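> Kindly return the folded structure for what I paste below:
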Amino acid sequence: MARMEAAKQVIAEATVTQRKDTAKVMARPTTIKTINMALRALKRAERTIARVLELVPPPSPIACQANCPWCCHIRLTASVPEVLAVLKHIREKFTGDEITALKRKVANIDAFTRRQDGEARARQRLPCPLLKDGSCSVHAVRPLSCRGVVSVDVAACKRAYDSHMQEPVPQHELQILAANAVGYGIFAGLADAGRELEDLEMNAALALGLADKGIAKRWVRGQGGFFPATQVKKS
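The predicted structure is shown next:
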């Protein structure tokens, strides 16, 4: 019980620290400061997850690894700063031909997934456009939601995929809480700075960002740009 309480305290502290960092940056933001804040958030999440797993290990080893894309077929959301970090990584690390191919793939998938809710996306079972040969092509800067979702049973992941995410996947709840804690800190800090709370659907956000190199600067200035990626069709 003491170790569980210690883990929860680590998680709570991560939220508070991230909230302060985000609010400070967004009080006088620039594009690079915003992206660097997001990169710090990702590192903070990794440290928090590592500490939590040390305090309260999962019942079985985490089974997630390269060439294991079963969970990468669901609706993924991220904050704007996280998306900006991914876009920067793509522009710096991908070749021109790779970016052209990615734009085409993102546009194709976005045509089917735009505004779809989680249930609809599970039924579609369309892959994340960032998958390459079964692995994440932006793994180093993958969003917090991706870092939180883990499994201790690959066979269960395959069954979930085959059933369009109707079968349960055994996870380590504390890792989810740890990643989400940093995400909550980002959103809380954005609110403290008077910014709109935009939870972006990743495919749509990538489509918008890859098509418009000026979108980051406009968003930082408070001029929007990513709003279409926040919309969900009413059932």
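
> neighbouring contacts of stretch 40-57?
Here stretch 40-57 makes contact (Cβ atoms under 8 Å, 6 or more residues apart in numbering) with 3-4, 6-7, 10-11, 14, 17-18, 21-22, 81-82, 85, 141-142, 144, 147-148, 172, 174-175, 177-179, 181-183, 185-186. Heads up, the C-betas are built off the backbone N, CA and C, glycines and all.

> now that stretch, how far from the chain's geometric center?
Mean-position distance between stretch 40-57 and its chain equals 16 Å (Cα atoms, centre = their mean, to the nearest Å).

> So which bits of it are buried?
40-42, 44-45, 48-49, 51-53, 55-56 (16 or more other Cβ atoms under 10 Å).

> Just send these back as CSV, with secondary structure too.
Converted to CSV, the buried residues of stretch 40-57 look like this (DSSP: H, G, I helix; E, B strand; the rest coil):
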residue, secondary structure
40, helix
41, helix
42, helix
44, helix
45, helix
48, helix
49, helix
51, helix
52, helix
53, helix
55, helix
56, coil
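
> Which of the residues you listed sits closest to residue 222?
Set against residue 222, the nearest of the buried residues of stretch 40-57 by Cβ to Cβ is residue 41 (20.4 Å).

> What does the pLDDT read for the closest one?
We have a pLDDT of 98 for residue 41.

> Just give the closest residue to it, not the sequence neighbours.
residue 182 (5.3 Å; Cβ to Cβ, 6 or more residues apart in numbering).

> Likewise for residue 187?
residue 197 is the one closest to residue 187 (Cβ to Cβ, 6+ apart), at 5.5 Å.

> how close does the one you found get to residue 190?
Relative to residue 190, residue 197 is positioned 6 Å away (Cβ to Cβ, to the nearest Å).

> The two: which is more packed in?
Neighbours per residue (other Cβ atoms under 10 Å) separate residue 197 from residue 190, with residue 190 holding more: 21 against 12.

> can you tell me the helix or strand for that one?
helix 173-192 (DSSP states H and E).

> do residue 23 as well
Here residue 23 is assigned to helix 2-27, by DSSP H and E.

> ditto for residue 116
Residue 116 belongs to no helix or strand, assigned by DSSP H and E.

> that older thread, and the helix holding residue 23, what does it pack against?
helix 31-55, helix 173-192 (3 or more Cβ pairs under 8 Å, 6 or more residues apart in numbering; DSSP states H and E).

> Counting neighbours, which of the contacts of stretch 40-57 end up buried?
For the contacts of stretch 40-57, a neighbour count by 16+ other Cβ under 10 Å gives the buried set as 7, 10-11, 14, 17-18, 21-22, 81-82, 85, 141-142, 144, 147-148, 172, 174-175, 177-179, 181-183, 185-186.
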